[in-house]
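Asker: Take a look and give me a structure for this.
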Amino acid sequence: MLYYKTYIKDEIAPWVTFIHGAGGSSTIWYKQIRYFKRDFNILLVDLRGHGKSKEDKWKKGDTFGHLAEEVIEVCDHLGIEKMHLIGMSLGTIVSQTVAVRYPTRVQSLVLGGAIIALDIRTKLLLW
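Answerer: Prediction:
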């Protein structure tokens, strides 16, 4: 399972999940945490091969669907049924994939530096 960290306001507060970009980790969200923890429960995840997640980086045959499933696995483990998703760069692709594959789980999307299609430059960056 991916490394994750939570900040719990209370049982009834809505959830916000933050997903970082390529080469980053959940630590990039420290300024947002201070603001959002006043009104929301917060889930921070380190995508595979990033931060404290021990899983290997990209493997042959992997898709963004696999990354989305790993985020949902953490949500299932924590009992998070619905969430707001905030993604940056690579995190926007994972967030969009979660929203498409699990539409009933996503209340809203905020996409910073959104990547909506992979060109050769983006593929090389991810590689």
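Asker: residue boundaries of the helices in the chain?
Answerer: All helices of the chain, identified by DSSP state H, fall at 30-36, 64-78, 90-101, 120-126.
Asker: Buried residues in the second one, which are they?
Answerer: Neighbour-count burial for helix 64-78 flags 64, 67-68, 70-72, 74-75 (criterion: 16 or more other Cβ atoms under 10 Å). In this view, the C-beta of every residue, glycine as well, is placed from N, C-alpha and C.
Asker: show me the contacts for the most centrally placed residue in the chain.
Answerer: For the chain, the residue nearest the mean C-alpha position is Ile19 (2.9 Å; Cα atoms, centre = their mean). Counting by Cβ atoms under 8 Å, 6 or more residues apart in numbering, Ile19 makes contact with 45, 47, 71, 85-88, 90-92, 94-95.
Asker: Repeat the analysis, applying 6 Å as the threshold.
Answerer: Ile19 sits next to 87, 91, 94-95 when contact means Cβ atoms under 6 Å, 6 or more residues apart in numbering.
Asker: Can you report how many residues lie near the spatially closest residue to it that is not a sequence neighbour?
Answerer: Excluding the flanking residues, the one nearest Ile19 by Cβ to Cβ, 6 or more residues apart in numbering is Gly91, at 3.4 Å. Residues contacting Gly91 under the criterion other Cβ atoms under 10 Å number 29.
Asker: Against Asp10, how distant is Gly91?
Answerer: The gap separating Gly91 from Asp10 is 26 Å, by Cβ to Cβ, to the nearest Å.
Asker: now swap in Arg105 and tell me
Answerer: For Arg105, the distance to Asp10 (Cβ to Cβ) stands at 20 Å.
Asker: higher neighbour count, those two?
Answerer: A count of neighbours by other Cβ under 10 Å puts Arg105 above the other of Arg105 and Asp10, at 19 against 6.
Asker: Report the separation between that one and Asp39.
Answerer: Applying Cβ to Cβ, the value for Arg105 to Asp39 is 20 Å.
Asker: now do Ile19
Answerer: For Ile19 relative to Asp39 (Cβ to Cβ), the value is 19 Å.
Asker: which secondary element of this structure has the worst mean pLDDT?
Answerer: helix 120-126 (a mean of 58; mean pLDDT, DSSP states H and E).
Asker: Cool, thanks, talk later.
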